[in-house]
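Trainee: fold the following, please.
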Amino acid sequence: MNSSQELAETEDRVARWIKQANFSSDTKVEFLAGDASDRRFARVIPPKSRTSILVVHNNSIDPTQLPMLQVTELFRKLPVNVPAIHSVAPELGIVVLEDLGDTTLASAVSKGNKEQRTSYYQEAVNIIGTIQRGSRQSSKTENIAFSVAFDFDKLIFELNFFVQHFLVNHLDCRVPRKTQEHLDAEFQKLASEMSEEPRVLCHRDFHSRNLMVHKSRLYVIDLQDARMGPDTYDLASLLRDSYMELPTEEVEQLLGLYSQLMNVSDTTAFRERFIRTSLQRNLKALGTFGYQIAVKGKTRYAEAIPLTLKYLRKTLSGESRYQHLYKTLSTLVPELTPS
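Mentor: Coordinates of the predicted model:
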């Protein structure tokens, strides 16, 4: 099914939902940009009722098994601000959410001042702490978020995804056999070290476009992929965000805030974990961007590549332990060589 057929199918199911909800024919629908998943999003604007956001899945859904519903309920209890779930239409594959508006953390920061940015990012770090502390008390539940993890297989899959979809599909690189062997060895070590770290609950995609500013507070969205993983994972997502670059001194202050909140005793080891997680996270993000552009035709993700490569170059060039990986990747990605 091509994109036009997918959109037509989505429009049909949204129209059927509007009819089932007994909204009038002059109800307006705005289709939103969405994320890197196959889901589609629509804002429904009835003339005499509240607006809602419809999350439209490709197929019918089982509400008892849908990660989005399970994780939303878990986060709500922690407590973390999340959009309310108004209803579910299983046969249409639709979840109806509270409309939080259009102001993401990224857009709020771009329009605000330094004090507002500091306040929002401190709140974001506090949310990470709430997720990690609260989930310790909930980890014995049967919530799906506790049954999946950033284990070795998941991490190595994401690193190989980078090779296939960023290097090969997006950059049209021919990766020589010897170079691939070098990458395999480096990626095996990276995935092994990360998978052996103690695990906490991670949102998994905790960046400035998945945090909404609503009623002057941050709300968390796109949480269906939450899983167990390194304590630095959500921090790396936030502070090495492909869509928003923070000044170095502010990153340091926010890392310090997290250390205080979570009583980190060995700050040197913590910093090493943060750098390692940032490296894997940025490689994973580039793989996603390459896939979305080359395979799905979503060219808007190209704008996030330069900043992600900037982070990657900074990490690789500044850490002696990654010099071999830096040399190998620089032969394939010219943007990684020193300017």
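Trainee: my read is that residue 42 contacts residue 53, right?
Mentor: Yes - using CB atoms under 8 Å, residue 42 makes contact with residue 53 at a distance of 7.3 Å. C-beta here means a position set from N, CA and C on the backbone, and glycine is covered the same way.
Trainee: so what pLDDT did the most centrally placed residue in the chain get?
Mentor: Centroid-nearest residue in the chain, with CA atoms, centre = their mean: residue 205, separated by 2.0 Å. Note for residue 205: predicted pLDDT of 97.
Trainee: for the closest residue to it other than its chain neighbours, pull up the helix or strand it's in.
Mentor: Distances taken as CB to CB, 6 or more residues apart in numbering put residue 222 closest to residue 205, at 5.7 Å, once the chain neighbours are dropped. Counting by DSSP states H and E, no helix or strand carries residue 222.
Trainee: and the strands in the stretch 1-150 of the chain?
Mentor: Ranges of strands in the stretch 1-150 of the chain, per DSSP state E, counting those that start in this stretch, are 28-32, 40-45, 52-56, 85-89, 94-98.
Trainee: which strands or helices does the lowest-mean-pLDDT helix or strand in the chain pack on?
Mentor: Taking mean pLDDT, DSSP states H and E as the measure, the chain has helix 3-20 as its least confident helix or strand, at a mean of 87. With contacts defined as 3 or more CB pairs under 8 Å, 6 or more residues apart in numbering; DSSP states H and E, helix 3-20 has these neighbours: strand 28-32, strand 40-45, strand 52-56, strand 94-98.
Trainee: one step back: most tightly packed of the strands of the stretch 1-150 of the chain?
Mentor: Highest mean neighbour count among the strands of the stretch 1-150 of the chain (mean count of other CB atoms under 10 Å): strand 52-56, with a mean of 23.
Trainee: report all helices and strands that that strand contacts.
Mentor: Using 3+ CB pairs under 8 Å, 6+ apart: strand 52-56 touches helix 3-20, strand 40-45, strand 94-98.
Trainee: go again with 10 Å.
Mentor: Strand 52-56 makes packing contacts with helix 3-20, strand 28-32, strand 40-45, strand 85-89, strand 94-98 when contacts are defined by 3 or more CB pairs under 10 Å, 6 or more residues apart in numbering; DSSP states H and E.
Trainee: what angle separates it from strand 28-32?
Mentor: Here strand 52-56 runs at an angle of 60 degrees relative to strand 28-32 (axes from the mean of the first three to the mean of the last three CA atoms, to 10 degrees).
Trainee: listing partners with orientation, what would you give for strand 52-56?
Mentor: Sheet pairing of strand 52-56 (DSSP bridges) gives strand 40-45 (antiparallel), strand 94-98 (antiparallel).
Trainee: the residue nearest to residue 205: neighbouring residues, count only.
Mentor: By the criterion of other CB atoms under 10 Å, residue 222 has 22 neighbours.
Trainee: again, but for the one 5 residues further on
Mentor: In terms of burial, residue 227 registers 21 neighbours under the definition other CB under 10 Å.
Trainee: same thing with residue 282?
Mentor: Residue 282 has 25 nearby residues by other CB under 10 Å.
Trainee: host element of it?
Mentor: If you go by DSSP H and E, residue 282 is part of helix 267-294.
Trainee: what is the next helix or strand after that helix packed up against?
Mentor: Downstream of helix 267-294, the next assigned helix or strand under DSSP H and E is helix 305-318. Applying 3+ CB pairs under 10 Å, 6+ apart, we find helix 305-318 packed against helix 267-294, helix 323-330.
Trainee: which of those sits most buried?
Mentor: Per-stretch averages of neighbours, counted by mean count of other CB under 10 Å, single out helix 267-294 among these, with a mean of 20.
Trainee: now the angle between helix 323-330 and that one, please.
Mentor: With the same axes, to 10 degrees defining the directions, helix 267-294 sits at 20 degrees from helix 323-330.
Trainee: got the domain ranges for the chain?
Mentor: Annotated domains of the chain cover 3-98, 105-336 [automatic domain parsing].
Trainee: where among those is average confidence lowest?
Mentor: For those, mean pLDDT drops lowest on domain 3-98, to a mean of 92.
Trainee: tell me the phi and psi of residue 255?
Mentor: Note on residue 255: its backbone torsions stand at phi -60, psi -40 [degrees, to the nearest 10].
Trainee: so how many other residues sit close to it?
Mentor: Neighbouring residues of residue 255 were enumerated by other CB under 10 Å; the total is 19.
Trainee: show me the contacts for residue 148.
Mentor: By CB atoms under 10 Å, 6 or more residues apart in numbering, the residues touching residue 148 are 67, 154, 204, 225, 226, 227, 228, 229.
Trainee: correction: the previous question concerned residue 31.
Mentor: 7, 10, 11, 14, 40, 41, 42, 43, 54, 56.
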